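Engineer: would you be able to build a 3D model of this:
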Amino acid sequence: MTSLTLYEHPLNEQVRIYLRLEYLLDQLDEVSGLSAPCHHIQFFRSLFDLLEILEQVQVKADLAKDLDKLKKKLNAWAHVPQVDQQQLQQLLEQLAEHQRAVLQAKRFGQALREDRFLTSIKQRFSIPGGSCSFDLPIFHYWLHQPLVARQNAINGWLATLSPLRHALAFWLQLTRESAQGGHVEVKQGFYQQDADGACLIRIQVNPDLGVYPLVSGHKNRFAIRFMPFDDDREVADNMPVFISVC
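Structural biologist: Here you go, the predicted model:
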């Protein structure tokens with residue numbers, strides 16, 4: 001059976017930023033344990049992209065507010081008979097830990113912005129091919145340090161992002177788990193639905209259909225146009241798609 005391809009689309013700017021941060025943090029995790037120079041170059045590109053977002057947006061304050069909103073939602077379930085109170089209490093305890101870590105942390109990315117080595121190479125990484133040895137001899141020197149030294153440095157940089165990483169993952173996990181939806185029939189490649197204050201939609205499509213979704217919308221309503229990947233292939237009149245709203 002063909003696995004469905006998952007697409008996620010944010011319905012507000014804050015979740016858009018969160019998904020970008022998650023995407024970059026996942027990239028950092030994927031290449032952080034690899035040793036080839038090309039993997040290190042990708043690590044730094046993702047790291048500097050992450051820093052760019054953290055410099056432009058007050059992520060710490062926004063995430064703290066969203067964790068507080070989540071706490072109020074969870075507390076509202078405390079007196080609902082059908083709710084597993086033990087699991088709810090565990091979630092509230094985890095949430096409290098993430099809130100403490102976020103509030104006690106410096107501004108996200110501050111330690112990385114103050115790192116002398118990272119500061120010395122960051123600007124050149126914005127230039128195509130700017131990580132060449134003649135452009136960045138200090139980076140070339142670092143690449144030829146023992147693997148243990150390089151890995152220790154990478155682990156240290158990633159450790160400064162732990163409060164962000166864990167709190168963001170927790171918030172996104174609970175947001176995704178709140179999803180409501182099911183299979184829908186898409187007519188002539190177009191679908192629209194009321195969202196009622198949602199912040200994220202998840203679309204699962206069979207890749208054999210040869211289409212991908214283009215989404216527009218906001219917290220109260222969204223529309224999806226399914227586009228053919230190949231220009232010479234038409235979109236089916238009726239397509240089964242799984243759509244959930246968070």
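Engineer: got the confidence number for residue 81?
Structural biologist: With respect to pLDDT, residue 81 scores 83.
Engineer: so it belongs to a strand, correct?
Structural biologist: No - under DSSP: H, G, I helix; E, B strand; the rest coil, residue 81 falls outside any strand and is assigned coil.
Engineer: identify the residues contacting residue 215.
Structural biologist: For residue 215, the contacting residues are 7, 9, 201, 203, 222-224, by Cβ atoms under 8 Å, 6 or more residues apart in numbering. Bear in mind the C-beta positions are built from the backbone N, C-alpha and C, glycine included.
Engineer: remind me which helix or strand it belongs to.
Structural biologist: Per DSSP states H and E, residue 215 falls inside strand 211-218.
Engineer: low-confidence ranges, this structure, go.
Structural biologist: Along the chain, segments meeting pLDDT under 70 span 1.
Engineer: still on that earlier bit, may I have the strand holding residue 215 as CSV, with CA atoms only?
Structural biologist: Below are the C-alpha coordinates for strand 211-218, written out as CSV (Å, rounded to 0.1, in the frame of the first residue of the first chain):
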residue,chain,number,x,y,z
VAL,A,211,-1.0,16.2,-7.3
TYR,A,212,0.2,18.6,-4.6
PRO,A,213,-1.9,21.1,-2.6
LEU,A,214,-1.7,24.9,-2.7
VAL,A,215,-3.4,26.3,0.4
SER,A,216,-4.7,29.8,1.2
GLY,A,217,-6.7,30.8,4.2
HIS,A,218,-6.7,32.0,7.8
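Engineer: I'd like the next helix or strand past that strand.
Structural biologist: That would be, after strand 211-218 and using DSSP H and E, strand 221-228.
Engineer: all strands of the protein, in order?
Structural biologist: Using DSSP state E, the strands assigned to the chain run over residues 5-10, 180-187, 190-194, 200-205, 211-218, 221-228, 238-245.
Engineer: closest one to residue 72 among these?
Structural biologist: Distance to residue 72, taken as Cβ to Cβ, is lowest for strand 200-205 among the strands of the chain, at 18.8 Å.
Engineer: roughly how far is that closest one from the heart of the chain?
Structural biologist: Relative to the centre of its chain, strand 200-205 is centred 15 Å away, using Cα atoms, centre = their mean, to the nearest Å.
Engineer: can you spell out which helices and strands pack onto it?
Structural biologist: The contact analysis (3 or more Cβ pairs under 8 Å, 6 or more residues apart in numbering; DSSP states H and E) places strand 200-205 against strand 5-10, helix 162-177, strand 211-218, strand 221-228, strand 238-245.
Engineer: closest one to residue 52 among the ones you listed?
Structural biologist: The nearest among the helices and strands packed on strand 200-205, by Cβ to Cβ, is helix 162-177 at 14.5 Å.
Engineer: please consider this matter closed, and thank you.
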